[in-house]
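# Model the following, please.
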Amino acid sequence: MRTQRLKIPRAAGGNRQQRLPFDCVAVILAGVIQLPRILLVEDDDGVRVLMEHVLIGDGYEVDPAPTIAAARTLIGRKRYDLVLADGVLPDGSGIQIAEEADRRGIPAMIVTAYAFRFPKRDLAHYTLLLKPVRPAELLEAVKRELAR
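Below you'll find the model as predicted:
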């Protein structure tokens, strides 16, 4: 039997390389295993790319958006398991896209260095991460939020 070595991403329940029959690998690669999809809303290019790489490296599918307008377009077109939004964006607040996610039944998290700008009652509805956020802290918070 022909086999192929395949690394199963942690987000899909794996954590090591496994040998699978070749036909199983073809099915997996065809998209039978759906990885959790995250909408990442962050206007700072460097921060967005870094967070995107950390999340992709841990096995998540990530769609980046630099503005609320771009995020609203994506959230209307695709299925998401989580929205991860910067608190302060050029066209508004990350709370706005988090509320949109809430209306659609999608959990949301806010990542900001400016938590003091928001009323406590607005932030209380969401998991809050303060920038700068360490990669391990980001991944742990995402994992917890997706497990709810």
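# Can you give me the domain assignment for this protein?
The record assigns the chain these domain ranges, following automatic domain parsing: 3-32, 37-147.
# So in terms of bridging, what pairs with the closest residue to Met51 other than its chain neighbours?
Distances taken as C-beta to C-beta, 6 or more residues apart in numbering put Leu40 closest to Met51, at 6.0 Å, once the chain neighbours are dropped. The C-beta positions use only the backbone N, C-alpha and C, and glycine is treated the same way. Here Leu40 shows beta-bridge partners Pro64, Leu84, assigned using DSSP bridges.
# My read is that Leu40 contacts Glu61, right?
No: using C-beta atoms under 8 Å, Leu40 is not in contact with Glu61, being 10.5 Å away.
# between those two, which one's more packed in?
When Leu40 and Glu61 are compared for neighbours, Leu40 comes out ahead with 24 against 16, by other C-beta atoms under 10 Å.
# now this structure, which segments are flagged as low pLDDT?
Within the chain, the stretches with pLDDT under 70 are 1-32.
# close enough to count as contact, Ile95 and Ile110?
Yes: if you go by C-beta under 8 Å, Ile95 and Ile110 touch, sitting 6.9 Å apart.
# Next, count neighbours for Arg79.
The tally of other residues near Arg79 (other C-beta under 10 Å) stands at 9.
# cool, and Ala71?
Counted with other C-beta under 10 Å, Ala71 comes out at 28.
# Spatially central residue for the protein, please.
Nearest to the geometric centre of the chain sits Ile38, at 3.0 Å (C-alpha atoms, centre = their mean).
# so that one, which of the three states?
Look at Ile38: counting by DSSP: H, G, I helix; E, B strand; the rest coil, its state is strand.
# contacting residues around it?
If a contact means C-beta atoms under 8 Å, 6 or more residues apart in numbering, then Ile38 has 55, 60-63, 80-84, 142 as its contacts.
# ok, so of those, who is nearest Arg103?
Using C-beta to C-beta, the shortest approach to Arg103 within the contacts of Ile38 belongs to Val83, at 11.3 Å.
# Sketch out the helices for the protein, chain order is fine.
Using DSSP state H, the helices of the chain run over 22-27, 45-57, 68-77, 94-103, 120-123, 135-147.
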